[in-house]
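Participant: Sharing a sequence plus its predicted fold:
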Amino acid sequence: MPRRSKLSHEAWRLLTEPVFERDGWKCVRCKRYRPVQAHHILPKSRGGLDEPGNLVSLCAECHEYVQPRWKLFLQPYWQWVLIRAIEGNVQGERPA
């Protein structure tokens, strides 16, 4: 397996600031305006990439909750929830 590269602090900041902006600088899970952290939807250890489409903004509390349960959040329902959160809770069809 190829070695995963680690981004510099500046590169990480340049990657995550637009994600935080996209998510409205609030946690996409609890919707609270708290300091946010970037969460990899598909962990880097499982092949996830450092790219905006694989990152969401979570507060520390939600990040701590979601991190060990990452497989649950890959299921279609939770993908739908995260997408709705990112898009500002736009009404949409819930997947089966």
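Facilitator: Now that the structure is in, tell me what you want to look at.

Participant: so where's the chain uncertain?
Facilitator: 1-5, 73-96 (pLDDT under 70).

Participant: Tell me how many other residues crowd residue 40.
Facilitator: 17 (other Cβ atoms under 10 Å). Backbone N, C-alpha and C define where each C-beta goes, glycine included.

Participant: Chain neighbours aside, what residue packs nearest to it?
Facilitator: Take residue 40 and drop its neighbours on the chain: the residue closest to it by Cβ to Cβ, 6 or more residues apart in numbering is residue 48, 4.7 Å away.

Participant: Pull up the gap between that neighbour and residue 70, please.
Facilitator: 9 Å (Cβ to Cβ, to the nearest Å).

Participant: Mutual contacts of those two, please.
Facilitator: 41, 42 (Cβ atoms under 8 Å, 6 or more residues apart in numbering).

Participant: okay, whichever helix or strand residue 16 is part of in PDB with CA atoms only?
Facilitator: Per DSSP states H and E: residue 16 is located in helix 9-22. Extracted C-alpha coordinates of helix 9-22, given in PDB (Å, rounded to 0.1, in the frame of the first residue of the first chain):
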ATOM      1  CA  HIS A   9      -0.200  23.100   8.000                       C
ATOM      2  CA  GLU A  10      -0.600  25.800   5.300                       C
ATOM      3  CA  ALA A  11      -1.900  23.300   2.700                       C
ATOM      4  CA  TRP A  12      -4.300  21.900   5.200                       C
ATOM      5  CA  ARG A  13      -5.600  25.400   6.000                       C
ATOM      6  CA  LEU A  14      -6.000  26.200   2.300                       C
ATOM      7  CA  LEU A  15      -7.900  22.900   1.900                       C
ATOM      8  CA  THR A  16     -10.200  23.200   4.900                       C
ATOM      9  CA  GLU A  17     -11.200  26.900   4.900                       C
ATOM     10  CA  PRO A  18     -13.400  26.500   1.800                       C
ATOM     11  CA  VAL A  19     -15.000  23.400   3.300                       C
ATOM     12  CA  PHE A  20     -15.800  25.400   6.500                       C
ATOM     13  CA  GLU A  21     -17.100  28.200   4.300                       C
ATOM     14  CA  ARG A  22     -19.200  25.800   2.300                       C
END
